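Undergrad: The following block contains a protein sequence and its predicted model.
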Number of protein chains: 2
Amino acid sequence: MNIRFYNARILTMDGNFDITEGELWVEGKKISYIGPSKAPEEVDKVEWDRQIDAQRNLLMPGFKDAHTHTAMTFLRSYADDLPLQDWLNKQVFPKEALLTGEDIYFLTKHGILEYLTSGITAAFDMYMHTDQIAKAAVESGFRMVQVGAINDFGGTLEECEQDYLRLNSYNELSSYMFGFHAEYTTKRDTMRGLAALAERYHAPIYMHNSETKAEVEGCIQRYGLTPTQLFDELGIFEYGGGGFHCVWMDQKDLDIYKEKGLYAVTNPASNMKLASGIAPIQKMLDMGITVAIGTDGAASNNCLDMFREMFLVTGLAKLREKDASAVDAREVLKMATVNGAHAMGLDDCDVLAEGKYADIIMIDMHQPNMQPENNIVKNIVYAGSKQNVKMTMINGYIVYEDGRFDVGEDPEFLYDKANSIIQRMIQQSKNA
Amino acid sequence: MNIRFYNARILTMDGNFDITEGELWVEGKKISYIGPSKAPEEVDKVEWDRQIDAQRNLLMPGFKDAHTHTAMTFLRSYADDLPLQDWLNKQVFPKEALLTGEDIYFLTKHGILEYLTSGITAAFDMYMHTDQIAKAAVESGFRMVQVGAINDFGGTLEECEQDYLRLNSYNELSSYMFGFHAEYTTKRDTMRGLAALAERYHAPIYMHNSETKAEVEGCIQRYGLTPTQLFDELGIFEYGGGGFHCVWMDQKDLDIYKEKGLYAVTNPASNMKLASGIAPIQKMLDMGITVAIGTDGAASNNCLDMFREMFLVTGLAKLREKDASAVDAREVLKMATVNGAHAMGLDDCDVLAEGKYADIIMIDMHQPNMQPENNIVKNIVYAGSKQNVKMTMINGYIVYEDGRFDVGEDPEFLYDKANSIIQRMIQQSKNA
């Protein structure tokens, strides 16, 4: 498909926050031109499938959800208002034990719909039945980077390696990075085994890290080290990677992140809702640590919305630092797009530029919350909402436009599936 | 207009959180029927202007924005990332001094558009040029409760009384309550004068109260009392009322709120963005103090979105209390609807019931973030967004539906106005 957007404003995020007026061409899966309006004879040289009047709306890179568990939509609003360990052990794990591969296939498709409404064009997904997830993503036209979730209750190192090889060659919309669930669920031998895999493939490793105070205290009791320091000692970070949540980080932990060039993926809504705490984002920025943003799963958040997360990243930092100038909106927009892409290994769709994959969203500027235009970047971060997502394009294909999905599946069918899956589980639990 | 909604789910908020299936009739400005489906011969007895298939979407009371400065949309994203006193003194006050009545008329209309996208059917608005605000609201079909903003820099007690008499008889969409800006901007004599007015009309009084730590400390330095205790001593609360923000409240302050039946209106996004702090909402609930929710103005928030506020009320409470079970979602939904209505004196449009004014919104359940339906109320509070507002009806009239406004004014015209007003001010400041 060749698609020409004209009469557009364009925020490329390529090195600065300038917004230019003009047009953007997508030929096949990639961006072929960004710049001033072209003369008609130049335009006519390409055989266009669509020429879209952007009506001075804003084209920008799609958001990258750098930590999530997509298929957990089935637990949305099922067990709220519980502390993390209770929530995880009494509600989440028992229900997850009842999930089939087919469940995860449909629930992933359901979660993808929600990403698209929020302009999220790629997700860094940690879950199980990885083949079903990849299939659901590719069929939906969604870019899915999976990360290993091995722990003492599931997965083997062999499977991790097989996933690495298979999911990185399955389809251009699918990729995979090494990872494990968390320190408190994973034996050191397993972590050492992963470090050996990372060594073999020169690959980064990711995991839940220092989400709660109790998690860090438990690790110190077990090993005399914080999780970050333990991982570092085990050689986990020799080829980069990073952690999800990163709320309870001490100076030495942050030094390791800085020194090893690790990504700190923050999940403010989930950390707030589970009362886990506020991550030290301003300090990370001051130290030059790269921060990305994730929604976490719908069981804890309870929605997959990058606008909510962006506002919280800066808002909670302002509260934490008692300083209204903490964490500038522009940094936040970079976290939600470029930094997320880099954390996920998506260097080919991080910014808008010629030759990059066309993972693009259109922000509706003709909504009251985007006016006046004193500062468009701040409008997006401080006032934006899903209602402003007019279009979501992934890999050159428009998968969401004006509230309609083009993902090869009827949303109502997926909603029915989600409802029947959780209902079946409730019945299974009763019968058990 | 007579409008029949059928095939609906209905959350009346009338005493409980039950959701019933059936239909809801609006005849003229009021709700005439809520209940099971009616037989065709019963339906045909009414001459309907529209019969709307709700497609099993949810009808519920519109949100009440219980503290805002609607016309401040012109300062959206203009001066972010500053502490409150700098923001107020160096950015807000100088620009506000340049506002004309006509500016406020157009900016109020602009802000109203934003309310409608978020399902907000009434606002408790504190600003100036009150006649222009009332005119803008009535012309837009929006329910506006104004509250006095008298302070040492503007307004007289005579004007307060005139506003009270005039705006409470101008139009059924307009009403007015006594109020003053805040302790730190208002002489005690003025407060005493207002207390005398409240006495004359047996009327409640509202004001900004204990928004920042510095504000409370300053008041204690000046008078040896917290703002709440000072107001109480001055007789401000003899006929009820309440405060906006209420972040830095001590036990004695809360006791006064409880004892006098005052409303605490919380503004979590604004308090977060200006690094003012987190209000003690759980404690208020434990004590039986009635809490309502406001967005504050778009200069500090920066958007007028009740979904954002609802999530923050409970999320920030969970952080503050270090307890993921703090402030249940159902309480929050009540704050955003029923409690707000009562704080604003809108007892006739607080819940959905026969005889109440038809201030109704329709929540789009056919969106991925509202599925599965494990708990619809929690879905709304924890996962809802403006994208879920399918319709906003005020006083029996549909002012917003499927993204289109019916407010007698072209949104683009209002956006142009908002942009030209702030541009003119920037020019005026340069020329000064």
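TA: Received the coordinates, thanks.
Undergrad: give me the low-pLDDT residue ranges for chain A?
TA: For chain A, applying pLDDT under 70 flags no range at all.
Undergrad: tell me, what residue is most central in it?
TA: Among the residues of chain A, A:Asp65 comes closest to the average C-alpha position under CA atoms, centre = their mean, at 1.4 Å.
Undergrad: Report whether the helix or strand that contains that residue contacts chain B.
TA: Element membership for A:Asp65, per DSSP states H and E: strand A:63-68. No: judged by CB under 8 Å from any CB of the partner chain, strand A:63-68 stays clear of chain B, getting no closer than 13.7 Å. Bear in mind the C-beta positions are built from the backbone N, C-alpha and C, glycine included.
Undergrad: Adjacent strands (with direction) for that strand?
TA: Its sheet considered, strand A:63-68 pairs with strand A:120-125 (parallel) by DSSP bridges.
Undergrad: CA atoms only for the strand it pairs with - export them in CSV, please.
TA: The C-alpha trace of strand A:120-125 is given here as CSV (Å, rounded to 0.1, in the frame of the first residue of the first chain):
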residue,chain,number,x,y,z
ILE,A,120,0.4,2.1,20.8
THR,A,121,2.1,0.5,17.8
ALA,A,122,4.3,-2.0,19.6
ALA,A,123,4.3,-3.7,22.9
PHE,A,124,7.0,-5.4,25.0
ASP,A,125,5.0,-8.4,26.1
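Undergrad: that older thread, is the residue nearest to the centre of chain A in a bridge, and if so with what?
TA: A:Asp65 has these beta-bridge partners by DSSP bridges: A:Ala123.
Undergrad: Provide a list of residues in contact with it.
TA: Under the criterion of CB atoms under 8 Å, 6 or more residues apart in numbering or on different chains, the contact list for A:Asp65 reads A:Tyr115, A:Ile120, A:Ala122, A:Ala123, A:Phe124, A:Ile293, A:Gly294, A:Thr295, A:Leu304, A:Met306, A:Gly340.
Undergrad: What number of residues are in the vicinity of the first one?
TA: Burial of A:Tyr115 is recorded as 30 neighbouring residues (other CB atoms under 10 Å in any protein chain shown).
Undergrad: try the second one
TA: The criterion is other CB under 10 Å. On that basis, A:Ile120 has 30 neighbouring residues.
Undergrad: measure it to A:His67 for me?
TA: Going from A:Ile120 to A:His67 by CB to CB, to the nearest Å gives 12 Å.
Undergrad: Pull up the overlap in contacts between those two.
TA: Common contacts of A:Ile120 and A:His67 (CB under 8 Å, 6+ apart): A:Thr295.
Undergrad: domains of chain A?
TA: A:2-59+A:362-401, A:63-346 (automatic domain parsing).
Undergrad: Deepest-packed of the ones you listed, please.
TA: domain A:63-346 (a mean of 22; mean count of other CB atoms under 10 Å in any protein chain shown).
Undergrad: What's the end-to-end length of that one?
TA: 12 Å (CA to CA, to the nearest Å).
Undergrad: Any idea how far that domain is from the middle of the chain?
TA: Computed by CA atoms, centre = their mean, to the nearest Å, the chain-centroid distance of domain A:63-346 equals 8 Å.
Undergrad: ok, the residue lying closest to A:Leu316 once chain neighbours are set aside - contacts?
TA: Nearest non-adjacent residue to A:Leu316, counting by CB to CB, 6 or more residues apart in numbering or on different chains: A:Ile278, 4.7 Å away. Residues near A:Ile278 by CB under 8 Å, 6+ apart: A:Val247, A:Pro268, A:Asn271, A:Met272, A:Leu316, A:Ala317, A:Leu319, A:Arg320, B:Leu319.
Undergrad: The fourth one and A:Leu319 touch, don't they?
TA: Yep, that's A:Met272 we're talking about. No: using CB atoms under 8 Å, A:Met272 is not in contact with A:Leu319, being 10.3 Å away.
Undergrad: Which residues are in contact with each of these two?
TA: With CB under 8 Å, 6+ apart as the test, A:Met272 and A:Leu319 both reach A:Ile278, B:Leu316.
Undergrad: Spell out which parts of the stretch 151-300 of chain A neighbour chain B.
TA: Contacts of the stretch 151-300 of chain A with chain B, taken as CB under 8 Å from any CB, map to A:Ala269, A:Met272, A:Lys273, A:Leu274, A:Ala275, A:Gly277, A:Ile278, A:Ala298.
Undergrad: Tell me who's in contact with the third one.
TA: The contact partners of A:Lys273, taken as CB under 8 Å, 6+ apart, are A:Asp80, A:Ser300, A:Asn301, A:Asn302, B:Thr314, B:Gly315, B:Lys318, B:Ala324, B:Tyr382.
Undergrad: and if we set it to 7 Å?
TA: Residues near A:Lys273 by CB atoms under 7 Å, 6 or more residues apart in numbering or on different chains: A:Ser300, A:Asn301, B:Gly315, B:Lys318, B:Ala324.
Undergrad: Check for me that the second one belongs to a helix.
TA: Going back to what we said before, that points to A:Asn301. No: A:Asn301 is assigned coil when assessed by DSSP: H, G, I helix; E, B strand; the rest coil, not a helix.
Undergrad: what's it sitting at in phi/psi?
TA: phi -100, psi -50 (degrees, to the nearest 10).
Undergrad: OK, contacts around it?
TA: A:Asn301 makes contacts with A:Ala269, A:Ser270, A:Lys273, A:Thr295, as judged by CB under 7 Å, 6+ apart.
Undergrad: who does A:Lys30 bridge with?
TA: A:Glu27, A:Tyr357.
Undergrad: is it true that it touches A:Ala353?
TA: No: in this structure, A:Lys30 is not within contact of A:Ala353 by CB atoms under 7 Å, at 9.9 Å.
Undergrad: so how far is chain B from the residue lying closest to A:Asp406 once chain neighbours are set aside?
TA: Counting by CB to CB, 6+ apart, A:Val399 is the residue found nearest to A:Asp406 once chain neighbours are left out, at 5.5 Å. A:Val399 sits 13 Å away from chain B, going by CB to the nearest CB, to the nearest Å.
Undergrad: hang on, A:Val399 in a strand?
TA: Yes: assessed with three-state DSSP, A:Val399 lies in a strand.
Undergrad: Convert stretch A:51-58 to PDB, retaining C-alpha atoms only.
TA: In PDB, the C-alpha atoms belonging to stretch A:51-58 read as follows (Å, rounded to 0.1, in the frame of the first residue of the first chain):
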ATOM      1  CA  GLN A  51      -4.100  10.200  -0.400                       C
ATOM      2  CA  ILE A  52      -5.200  11.400   3.000                       C
ATOM      3  CA  ASP A  53      -5.900  15.100   3.900                       C
ATOM      4  CA  ALA A  54      -4.500  15.200   7.400                       C
ATOM      5  CA  GLN A  55      -6.400  18.400   8.000                       C
ATOM      6  CA  ARG A  56      -3.400  19.900   9.900                       C
ATOM      7  CA  ASN A  57      -3.600  17.100  12.400                       C
ATOM      8  CA  LEU A  58      -0.300  15.800  13.900                       C
END
